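Visitor: Have a look; sequence and predicted model below, questions after that.
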Amino acid sequence: MRESGYFLPHVVIGYGFTVAVALGAWPFMHYVLGVRNPAVTLSVMIAVAVLFGIWFVRYSKVLWLALDLSLHPPHSEDFESRGRRE
């Protein structure tokens, strides 16, 4: 069982991806769609950030878990009972 706060670093991963996607919306809107209105661009960037951030939470947790397991793989002593009743 993971300790309290184990998944906390997923916030940094989610934040980084959310910022990248939200900032990536600007060139897409500016060069591909031809939107030049800053209010519309900012509104779309905020909407993209909120929606993507909510959607990406579970995937940022999975990325954190994969990163942690690749850096600290479990050993056989991690599965010992340690005095607990089975």
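Guide: Received, thanks.
Visitor: Regarding this protein, what is its longest helix?
Guide: Residue-count comparison of every helix in the chain, with assignments taken from DSSP state H, identifies helix 38-71 as the longest.
Visitor: pLDDT (mean, whole number) over that one?
Guide: Helix 38-71 shows a mean pLDDT of 96 in the predicted model.
Visitor: Also stretch 3-17?
Guide: The average pLDDT for stretch 3-17 rounds to 92.
Visitor: Between its first and last residues, what's the separation in that stretch?
Guide: Stretch 3-17 has an end-to-end distance of 25 Å (C-alpha to C-alpha, to the nearest Å).
Visitor: Over to stretch 32-43?
Guide: The first residue of stretch 32-43 is 17 Å away from its last residue (C-alpha to C-alpha).
Visitor: contact partners of that stretch?
Guide: For stretch 32-43, contacts defined as C-beta atoms under 8 Å, 6 or more residues apart in numbering pick out Ala25, Trp26, Met29, His30, Val44. Every residue, glycine included, has its C-beta placed from N, CA and C.
Visitor: hmm, back to that, counting neighbours, show which residues of the longest helix of the chain come out buried.
Guide: For helix 38-71, the buried set under the neighbour-count rule, 16 or more other C-beta atoms under 10 Å, comprises Thr41, Val44, Met45, Val48, Ala49, Phe52, Gly53, Phe56, Ser60, Lys61, Leu63, Trp64.
Visitor: The second one contacts His30, doesn't it?
Guide: In this case it means Val44. No - with contact defined as C-beta atoms under 8 Å, Val44 does not count as touching His30 (10.8 Å).
Visitor: would TSV of the buried residues of helix 38-71 with distance to Phe79 be doable?
Guide: Supplementary listing: these in TSV, determined by distance: C-beta to C-beta, whole Å:
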residue	distance to Phe79
Thr41	52
Val44	49
Met45	46
Val48	43
Ala49	41
Phe52	37
Gly53	35
Phe56	32
Ser60	27
Lys61	22
Leu63	24
Trp64	22
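Visitor: Can you tell me how far the residue nearest to Ala22 when sequence neighbours are not counted is from Ser81?
Guide: The shortest distance from Ala22 to any residue that is not its chain neighbour, by C-beta to C-beta, 6 or more residues apart in numbering, is 3.8 Å, and that residue is Ala49. Counting by C-beta to C-beta, to the nearest Å, the gap between Ala49 and Ser81 amounts to 46 Å.
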